[in-house]
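Participant: let's see this in three dimensions:
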Amino acid sequence: MNDEKKQATASRAHLVAGGQYHDIDHARLSILTLLAGFENVRTTVASDYESLQALETANCLITYTCNVIASSPGVNAIEKFLRRGGRWLALHGTNSILAQNDHGRWFAPEDRAGFMRLVGSQFVAHPPIAPYQVTARKPDDPLVAGLGDFTVTGGDELYYMRLFGEIDVILDAPSQGAARGFVERDWPVDGRHPVLYRKRVGAGEIVYFTLGHRRGHYDMAPLLDYYPSLERGAWDDAPYVEILRRSLRWAVGAAS
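Facilitator: Below you'll find the model as predicted:
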């Protein structure tokens, strides 16, 4: 009998999937499909952080967003959830809020510091989407054990971020050049950037996985009615899918 069937009670997950500039439908469906593989997991779904009463009975919070941030009461609710032992799997754009200046350059506003400090990072910029090498800094961590270093063959956004507090970096990657189109364009050429990290909060924990960009033809509204490219990110790369699967197992309590 596997680990999921041994549990006598359901594990309650709350998924927040919503926002702009990404194929949220693909991410939502993919995450729910993986969660459906755990017989004991029951999931509630929202497109924003306005229904966080679900955290009162949830074991885990899973988020895939862009330009969707919790309000101050929401941040307090998430922190309370974590401190009592909850697990938060934060994916890709969870730490992203984006705006454009008068010259059309993207920047990361600093007016949601409470949320960003809780999650441990804030997206600032990314270099052009391209394949890049990911290095296992903690190769024995259960989320990545046996996988080793790997290349994101399909290309993805390498997040250049502001970091807050103590985080335990599991995967990282080297700088991939200038972040064209962003206000904070130039980054140290010898810099390294977290791709997967853990952060403790009270009795609970956050796992942040920055990979997972996805954009289709109709995901840049209202800026564009039709986006000419299809950006599939790491979703077709076996290491990404395996780490996502393990991260979900961790989140729902089926694996450490």
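
Participant: need the contact list for the residue positioned nearest the centre of the chain.
Facilitator: By C-alpha atoms, centre = their mean, the chain has its centre lying nearest to Leu91, at 1.4 Å. Contact analysis of Leu91 by C-beta atoms under 8 Å, 6 or more residues apart in numbering lists Ala27, Ile31, Ile62, Thr63, Tyr64, Tyr208, Phe209, Gly212, Leu244. To be clear about C-beta, it is placed using only N, CA and C from the backbone, and glycine gets the same treatment.

Participant: apply 7 Å and report the result again.
Facilitator: Thr63, Tyr64, Phe209, Gly212 (C-beta atoms under 7 Å, 6 or more residues apart in numbering).

Participant: now do Val189
Facilitator: Ser175.

Participant: surely it forms part of a strand?
Facilitator: No. Val189 sits outside any strand when classified using DSSP: H, G, I helix; E, B strand; the rest coil, being coil.

Participant: burial measure for Asn67, as a count.
Facilitator: 14 (other C-beta atoms under 10 Å).

Participant: mind checking how far it is from Gly120?
Facilitator: 19 Å (C-beta to C-beta, to the nearest Å).

Participant: could you do Gly212 as well?
Facilitator: From Gly212 to Gly120 the distance is 17 Å (C-beta to C-beta).

Participant: for Ser96, same thing?
Facilitator: 14 Å.

Participant: now stretch 69-77: mean pLDDT?
Facilitator: Taken as a whole, stretch 69-77 has an average pLDDT of 96.

Participant: try stretch 179-194
Facilitator: pLDDT averaged over stretch 179-194 gives 97.

Participant: can you confirm His103 is in a helix?
Facilitator: No. Using three-state DSSP, the secondary structure at His103 is coil, not a helix.

Participant: in this structure, which spans are helices?
Facilitator: Taking DSSP state H to define them, one finds helices in the chain at 3-6, 24-35, 72-83, 113-119, 238-252.

Participant: give the contact list for the nearest residue to Ala54 once chain neighbours are set aside.
Facilitator: The shortest distance from Ala54 to any non-neighbouring residue, by C-beta to C-beta, 6 or more residues apart in numbering, is to His14 (4.3 Å). By C-beta under 7 Å, 6+ apart, the contact set of His14 is Thr44, Ala54, Leu55, Ala58, Leu61.

Participant: can I get the buried part of those as one PyMOL selection?
Facilitator: Selection command for PyMOL covering only the buried members of the contacts of His14, criterion 16 or more other C-beta atoms under 10 Å:
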select buried, resi 54+55+58+61
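
Participant: ok, back up a step: so which of the helices of the chain is nearest Asp219?
Facilitator: helix 24-35 (7.8 Å; C-beta to C-beta).

Participant: any idea of the angle the closest one forms with helix 238-252?
Facilitator: Per axes from the mean of the first three to the mean of the last three C-alpha atoms, to 10 degrees, the angle that helix 24-35 makes with helix 238-252 is 70 degrees.

Participant: touching helix 24-35 from outside, list them.
Facilitator: 13, 15, 17-18, 41, 43, 62, 64, 212, 214, 235, 244-245, 248.

Participant: distance between the ends of stretch 203-218?
Facilitator: Distance between the two ends of stretch 203-218: 41 Å, counting by C-alpha to C-alpha, to the nearest Å.
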